[in-house]
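Trainee: Just to be clear, the model below is a prediction. Sequence and coordinates:
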Amino acid sequence: MAIRINPSILSADFVNMERDLGAIATADLAHVDVMDNHFVPNLTFGPQMVGRIQDVSPIPLDVHLMIENPEHWAPGYAELGAYSVTFHAESTDNPVAVARRLREIGARAGLAVKPGTDIEPYLELMPEFDQILVMTVEPGFGGQSFIPDVMPKLELLDAARKKSGLDVWLQVDGGITLDTIVIAAEAGADTFVAGSSVYNSGNPEKAIAGLRAAAHSAHKH
Ligand SMILES: O=C(CO)[C@H](O)[C@H](O)COP(=O)(O)O
Ligand SMILES: [Fe+2]
């Protein structure tokens, strides 16, 4: 089974972004957290900065929108060339319309759910999405602890994915370390976002290789 390691540049040095993107060139995708200080109580960057990140990144971008009104904003990230654009189920009444627009532009469409949001109502929407993100922390900040209580959501998604035969990526984001990646992989995740455990390690390349090996070993069980 394919494994993807997506380091989160939320833990990069924002004034040395090009250098810190270069440090994760061995990863699969660069995870870019867009926060608007309304959907979450934090603020990062918008389309102008993400466009420059896209220009200089050695690997494609996995954009995670923690914003209100994705109907308005999400297509712009697909247009600037992001490989995938994920928005939150809690931020829109019409996730299918947003996903269809993203796919029309040529990006992979992702749906994210906060730790407190049930996944059942969204299972039937699986064919509309290329990836589903189960948040393993409350969105808004890096460096928080992994919430194991959300693992049953991944198990439900993995079962639904197998039943449908769809190739939907199951992503986790928040508190991913060498230990927690194993728990998430065993529950069915295949795409792993890690910010602080990659960038604060002192050796991003080694941290990425370690996470990859740990996820692979869990999937062999
Ligand atoms: O979406 C996010 C926070 O809302 C980040 O992607 C996530 O927190 C990564 O950071 P860490 O690995 O340090 O938890
Ligand atoms: Fe994220």
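Mentor: Here it is on my side, so go on. Ligands and ions are numbered 1, 2, ... in the order given.

Trainee: Can you tell me which residues in the protein are near ligand 2?
Mentor: Within the chain, the positions lying close to ligand 2 (CB under 5 Å from the ion) are 33, 64, 173. For every residue, glycine as well, the C-beta is placed using N, CA and C.

Trainee: Count the neighbours of residue 46 for me.
Mentor: By other CB atoms under 10 Å, the residues close to residue 46 number 15.

Trainee: Narrow the residues of the chain next to ligand 2 to those in helices?
Mentor: Secondary structure assignment by DSSP state H places none of the residues of the chain next to ligand 2 in helices.

Trainee: can you narrow those residues to ones near ligand 1?
Mentor: 33, 64, 173 (CB under 6 Å from any ligand atom).

Trainee: Would you convert those into TSV that also reports pLDDT and neighbour count?
Mentor: Shown next, in TSV, are these (pLDDT from 0 to 100; neighbours: other CB atoms under 10 Å):
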residue	pLDDT	neighbour count
33	99	24
64	99	27
173	99	27
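
Trainee: Mind listing what's buried along stretch 125-140?
Mentor: By 16 or more other CB atoms under 10 Å, the buried positions in stretch 125-140 come out as 126, 128-137, 139-140.

Trainee: Who is the closest residue to ligand 2 within the chain paired with across the strands?
Mentor: Of all residues in the chain, the one sitting closest to ligand 2 is residue 64 (3.7 Å; CB to the ion). Beta-bridge partners recorded for residue 64 (DSSP bridges): residue 33, residue 86.

Trainee: I'd like the buried residues of stretch 125-140 as JSON lines, with secondary structure and pLDDT appended.
Mentor: What follows is the buried residues of stretch 125-140, written out as JSON lines (DSSP: H, G, I helix; E, B strand; the rest coil; pLDDT from 0 to 100):
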{"residue": "126", "secondary structure": "helix", "pLDDT": "98"}
{"residue": "128", "secondary structure": "helix", "pLDDT": "98"}
{"residue": "129", "secondary structure": "coil", "pLDDT": "98"}
{"residue": "130", "secondary structure": "coil", "pLDDT": "98"}
{"residue": "131", "secondary structure": "strand", "pLDDT": "98"}
{"residue": "132", "secondary structure": "strand", "pLDDT": "98"}
{"residue": "133", "secondary structure": "strand", "pLDDT": "99"}
{"residue": "134", "secondary structure": "strand", "pLDDT": "99"}
{"residue": "135", "secondary structure": "strand", "pLDDT": "99"}
{"residue": "136", "secondary structure": "coil", "pLDDT": "99"}
{"residue": "137", "secondary structure": "coil", "pLDDT": "99"}
{"residue": "139", "secondary structure": "coil", "pLDDT": "98"}
{"residue": "140", "secondary structure": "coil", "pLDDT": "98"}
